[in-house]
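In: here you go, sequence then predicted model.
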Amino acid sequence: MALDPALLSPGQRYLPGILGGLGPFSHVEFEREILALGQRRGARGDRDHPVWLLASAASTPGRTDALLAGGASPLPHLTAFARLLEGSGADLLFLICNTAHAWHAEVQSALKIPLAHLMDLTAGAVAAAYPAGTRVGLLATDGTLHAGLYQRALQKRGLVAVAPASGSEIQARVGKAIGDPRIGIKATGDGVAPEACDHLLAAARWCLDQGARIVVPACTEVSVGLTADVFAEAPLVDPVVVAAEALLDVAYGMREPQSLRQGAG
């Protein structure tokens, strides 16, 4: 049953849906950013924040494993949870996992509402602030890099992706920071282990050594571990922050849901 629009917050026009749980803390970081951004925009009480719907789809099979190791496809889970949110009244969806965007087209084709595309949104934000030819560092999973998700979005806007090679020592450090069962952020959440932070800092500095002017934490776990508080050597353009801006803009009618459909911008 779809939510009655009369139950939305004052001034709210559209109802966003969040498909999270990929990893388990991904939507938590996203929601924190939405609330913090809302406060910076003047929210001072409950009803100053928008209503949104959340599906924490933690049961979804691993995305990098599916792309690189023949693991079970996450598509049935992604599609089912996206349809659940759509059927509950969401006007647009945010998929809070970078690697899951390898199946973005298939999930979007199963929906009538737009599914925001993190790579398009992030590349658009970079292009709006930096000139063509800017080198952009990427800290991402092997699966995200293998799928070329950010590389294509950046190239389309005349930007140059800089990322460690698969199998390299630097990329292995990124992988450990994300998924190591002892120190990885999937395991520790926002209690980021010092070793994980060290791995991400080393990878970000490697990107700068390759000529990157900015760094994109292109994995929701990297967004948790690599923040401006710990890395001040270059600007960060965080997809979680960019998506939070877009969610609030659409929720309050400053942008239309269709403006977030892939390729719309």
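Out: Everything's here; your move.

In: helices or strands up against the helix or strand containing residue 204?
Out: Element membership of residue 204, judged by DSSP states H and E, is helix 194-209. If you count contacts as 3 or more CB pairs under 8 Å, 6 or more residues apart in numbering; DSSP states H and E, helix 194-209 packs onto strand 135-139, helix 169-179, strand 214-217, helix 220-225. Where C-beta positions appear, they are placed from N, C-alpha and C, glycine not excepted.

In: in TSV: the ones you listed, plus distance to residue 121.
Out: As requested, these are exported to TSV (distance: least, CB to CB, whole Å):
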stretch	distance to residue 121
strand 135-139	14
helix 169-179	21
strand 214-217	11
helix 220-225	14
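
In: rebuild the ones you listed as a markdown table, extending it with mean pLDDT and mean neighbour count.
Out: Putting the helices and strands packed on helix 194-209 into a markdown table (pLDDT from 0 to 100; neighbours: other CB atoms under 10 Å) gives the following:
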| stretch | mean pLDDT | mean neighbour count |
| --- | --- | --- |
| strand 135-139 | 98 | 25 |
| helix 169-179 | 97 | 21 |
| strand 214-217 | 98 | 26 |
| helix 220-225 | 95 | 28 |
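
In: between these, which gets nearest to residue 61?
Out: Residue 61 lies closest to helix 169-179 among these, at 14.1 Å (CB to CB).

In: output the contacting helices and strands for that closest one.
Out: Judged by 3+ CB pairs under 8 Å, 6+ apart, helix 169-179 is in contact with helix 142-147, helix 185-188, helix 194-209, helix 220-225.

In: which element is encountered next along the chain beyond the last one?
Out: Per DSSP H and E, helix 220-225 leads on to helix 239-251 as the next helix or strand towards the C-terminus.

In: let me see the mean pLDDT of that next one.
Out: Averaging pLDDT along helix 239-251 gives 98.

In: tell me which residues in that helix are buried?
Out: 239, 240, 241, 242, 243, 244, 245, 246, 247, 248, 250, 251 (16 or more other CB atoms under 10 Å).

In: how many other residues sit next to the residue nearest to the last one when sequence neighbours are not counted?
Out: The shortest distance from residue 251 to any non-neighbouring residue, by CB to CB, 6 or more residues apart in numbering, is to residue 50 (3.9 Å). Around residue 50 sit 22 other residues, with neighbours defined as other CB atoms under 10 Å.
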